[in-house]
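> I would like the atomic coordinates for the input below:
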Amino acid sequence: MYFKTIVRMVTAAILMSVMSCASTYKPLDPASYTYSRSFEIKDTLRVNYLYKTQAMSGNKRYDKRERRYGMASVAVKIENLSDSTIELTRSNFHISSPNGGKTIYTPEVYSKKVKQWAAVHLLHTLWGPWAISWQEDEHGETDVHFIFIPIGAVVGIGNAIRASNANHDNLANQERYKIWNKKIEPGATLYGLAAIPSTTQNDSLFFNYNSAQRLRYQSLTGKTYALPKGPTSVAHNFYLLMKDGTPISTQAKIDVSNDGYFIAPNKPNVPEIIRPSDTKSLSRLTKSGRQLLGIPYENAWLFKIVDGSIDGYYYLAEEGTQVLSHLQKDDGALMPFSPALLEEMIGEDRDLMKLIKKKKFVDAINNYNKKYK
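Next comes the predicted model:
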């Protein structure tokens, strides 16, 4: 007497409901997108950017994994507005948002999280046409027969291969559109992908490009807010801590002439010129007893002039300036100062916005730090 078990149908239905087939990968093409958001670094770069690229390309599984792990593969269109060739590196190009700096993941790190699980498809081997039959023989013994056709194994292996190939294509796509160490000629455009942390996939992004030339030669006018040209620092009693731990006390100026950015101690038995890269720090005491500590950053020292929820930095160890060179909100990345960036950090406070419009930037930051401790 033969009995086909209904279990095979129930099992197949359950397995097919909880396991879906692997999907192929549709490459992301940053050059084909229409960009609606941009950020401009004056006279240097214009960066257009776009979120949700995996979803737009139809890679629903990869979009789902991005959201699960708080990641986003952001398409970028980077235009060189300057008259010189620009090469982006991890040390000179940074991304941040109002909430802080954004790590740019390597393709390997991104693709280890944002992927399909190829091995799970092998669970298909558990299902297939099968049946159980039993029959009593002439001695009253029951013979049980199990019949199984491994169609599920074929389906599972095929899906595992498809998922693995899609993951490989995802990694190759990220590798192809890396932005690092690619030269952008004047007037040219670089298209790329930048995988960053993002829980909303809607953060406003700021882009920071640091070049030694820009640090040295920007002038202090109503439109630029960085290092003035010429030896403008007054003489102070500076305390230098060299990289090897040697302390040096000297009265000197910070020289920001065309030859670079340095201190010339004019003392016996010390180097004639000391640059930021030679030191751990440079500091001085103000008349009120406050220490202005300068930390080497790129090719300069940055002194924290304003301290609070928003920190303000300047290239010179001077109090009372209303112009800063860099801003930092909470534990975020250091960003080149601009009124637009300060407005983003402060938000919708009308009183503070009035101070910014009057170019009373330090007053605006100090008042913000008092109101929003």
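
> For stretch 326-340, what is the distance to the chain centroid?
15 Å (C-alpha atoms, centre = their mean, to the nearest Å).

> Show the end-to-end separation of it, please.
13 Å (C-alpha to C-alpha, to the nearest Å).

> buried ones in it?
Within stretch 326-340, the residues that count as buried by 16 or more other C-beta atoms under 10 Å are 326-329, 332-338. Yep, even glycine has a C-beta here, placed from its N, CA and C like the rest.

> Stretch 53-66 too?
Buried residues in stretch 53-66, counted by 16+ other C-beta under 10 Å: 53-54, 57, 59, 61-63, 65-66.

> And for it, what's in contact with it?
Residues from elsewhere that reach stretch 53-66 (C-beta atoms under 8 Å, 6 or more residues apart in numbering): 23, 25-30, 33, 52, 71-75, 113-116, 170, 193, 201.

> Got a ChimeraX select line for the buried ones in those?
Applying 16+ other C-beta under 10 Å to the contacts of stretch 53-66 leaves a buried subset, and the ChimeraX line that selects it is:
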select :23,25,26,28,30,33,52,71,72,73,74,75,114,115,116,170,193,201
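
> Can you tell me which of the contacts of stretch 53-66 end up in strands?
By the criterion of DSSP state E, membership of the contacts of stretch 53-66 in strands covers 71-75, 193.

> so can I have JSON lines of these showing distance to Leu45 and pLDDT?
What follows is those, written out as JSON lines (distance: C-beta to C-beta, whole Å; pLDDT from 0 to 100):
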{"residue": "Met71", "distance to Leu45": "24", "pLDDT": "94"}
{"residue": "Ala72", "distance to Leu45": "20", "pLDDT": "96"}
{"residue": "Ser73", "distance to Leu45": "20", "pLDDT": "97"}
{"residue": "Val74", "distance to Leu45": "15", "pLDDT": "97"}
{"residue": "Ala75", "distance to Leu45": "16", "pLDDT": "97"}
{"residue": "Leu193", "distance to Leu45": "17", "pLDDT": "97"}
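
> Determine which two of those are furthest apart.
Met71 and Ala75 (14.0 Å; C-beta to C-beta).

> Tell me which of the contacts of stretch 53-66 fall in helices.
113, 170 (DSSP state H).

> Quick one: neighbours of Leu302, just the number.
Leu302 has 23 neighbouring residues, counting by other C-beta atoms under 10 Å.

> And the helices in the stretch 101-250 of the chain, which stretches?
107-113, 151-176, 212-217 (DSSP state H, counting those that start in this stretch).

> worst average pLDDT in the ones you listed?
The weakest mean pLDDT among the helices of the stretch 101-250 of the chain belongs to helix 212-217, with a mean of 39.

> neighbours around the nearest residue to Pro197 once chain neighbours are set aside, how many?
Leaving aside its chain neighbours, Pro197 sits nearest to Gly70 (5.6 Å; criterion: C-beta to C-beta, 6 or more residues apart in numbering). Neighbour count of Gly70, defined by other C-beta under 10 Å: 13.

> Then Ile196?
23.

> now do Arg46
16.

> Same question for Ser277.
Neighbour number of Ser277 under other C-beta under 10 Å is 11.

> Please apply the same query to the one 3 residues further on.
Counted with other C-beta under 10 Å, the burial measure for Lys280 works out to 14 neighbours.

> Same question for the one 10 residues further on.
A count of nearby residues for Arg290, using other C-beta under 10 Å, gives 11.
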